[in-house]
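**Student:** Provided below for reference: sequence and predicted model.
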Amino acid sequence: MNTTYTADKPIITWLDEVGSTSTYLAQVLTDNTPSGTVIAARCQNAGRGQRGNTWEAEPGKNLSFSMLIKPNGIPARCQFRISQAVALAIVSVLRPMLPGSKISIKWPNDIYADNKKICGILIENTLIGAEIAHCIAGIGINVNQAVFLSDAPNPVSIIQLTKQETALEPLLEKLTSQILLYLTHDAETLHNQYMNSLWRKNNSRYRDVSTGREFEAEITDIGPMGHMTLTDTNGRQLTYAFKEVAAILPPINND
């Protein structure tokens with residue numbers, strides 16, 4: 001079934017500096033704030049990532065933005081559909097820009113260029129009853145930053161891969177327009193494209209966070225709430241929620 005999402009085009013506001021674009025958007029939105037409203041920052045000094053991590057972004061070099069999404073009729077039990085749409089939209093833009101790299105989605109919604117992280121996504125949902133009232137998708141994309149100083153294990157940027165600067169404003173317009181487009185896709189289409197875009201889907205090592213056990217497995221399904229089902233080398237199926245299992249990154253070759 002298609003969603004009834006109806007925003008026609010993004011409405012983008014650029015701020016010179018803000019702590020977090022997602023926090024700012026949450027503070028200023030009202031019931032009348034339209035879907036597709038985007039807050040972008042040239043300098044974001046308190047960007048938030050998954051697990052409470054901060055997001056490193058050199059001022060004026062990258063895209064740090066948050067987008068308001070008001071999907072109508074998507075039940076809370078199917079909320080991962082929005083995450084899939086956002087991630088796939090970003091992949092669809094980055095793939096033609098980076099033909100020399102394999103662009104994929106590391107579950108649940110980091111975007112990787114080969115084995116390095118080029119984009120992080122944090123989606124926060126607000127529910128009314130059993131349905132999603134609205135969500136804020138906070139997105140950070142490494143664009144023109146050539147050197148990373150944080151202890152993040154594997155960042156990479158567009159300029160590092162292409163050796164060319166990318167204009168930020170046209171890229172933001174393209175990305176947010178694609179997000180609106182992907183939000184109109186039906187659940188089956190999104191699920192199939194997402195499964196086909198997963199990073200190291202067929203061969204990866206994982207660590208069970210609760211037990212510390214490491215094992216090799218393939219991803220065999222992602223549920224509507226985002227739970228990942230792995231099938232290990234013994235044929236046993238294991239289902240995990242986010243933060244319950246961690247992929248073990250392969251060694252990074254910086255040559």
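**Tutor:** Structure's in. What do you need? Numbers count the residues shown, from 1 in each chain.

**Student:** Now do the strands in the stretch 101-250 of the chain.
**Tutor:** For the stretch 101-250 of the chain, the strands defined by DSSP state E, counting those that start in this stretch occupy 103-106, 110-113, 116-128, 131-141, 204-208, 214-222, 228-232, 237-240, 245-247.

**Student:** Including mean neighbour count and mean pLDDT, could these go into TSV?
**Tutor:** C-betas here are computed from N, CA, C, even on glycine. Formatted as TSV, the strands of the stretch 101-250 of the chain follow (neighbours: other CB atoms under 10 Å; pLDDT from 0 to 100):
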stretch	mean neighbour count	mean pLDDT
strand 103-106	22	98
strand 110-113	22	98
strand 116-128	19	95
strand 131-141	22	95
strand 204-208	17	96
strand 214-222	16	97
strand 228-232	17	98
strand 237-240	14	98
strand 245-247	17	95
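
**Student:** which stretch among the ones you listed comes nearest Ala40?
**Tutor:** Checking these against Ala40 by CB to CB gives strand 131-141 as the closest, at 9.5 Å.

**Student:** just checking, what packs against the closest one?
**Tutor:** In terms of contacts (3 or more CB pairs under 8 Å, 6 or more residues apart in numbering; DSSP states H and E), strand 131-141 is packed against helix 21-28, strand 63-69, helix 80-97, strand 116-128, helix 168-182.

**Student:** if you set the cut-off to 6 Å instead, what comes out?
**Tutor:** Where contact means 3 or more CB pairs under 6 Å, 6 or more residues apart in numbering; DSSP states H and E, strand 131-141 is packed against helix 21-28, strand 63-69, strand 116-128.

**Student:** Now distance to Leu172 too, for the ones you listed, in JSON lines please.
**Tutor:** Listed next are those as JSON lines, based on distance: least, CB to CB, whole Å:
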{"stretch": "helix 21-28", "distance to Leu172": "12"}
{"stretch": "strand 63-69", "distance to Leu172": "6"}
{"stretch": "strand 116-128", "distance to Leu172": "13"}
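
**Student:** shaky segments in the stretch 1-150 of the chain?
**Tutor:** Low-confidence segments of the stretch 1-150 of the chain, defined by pLDDT under 70: 1-7, 47-55.
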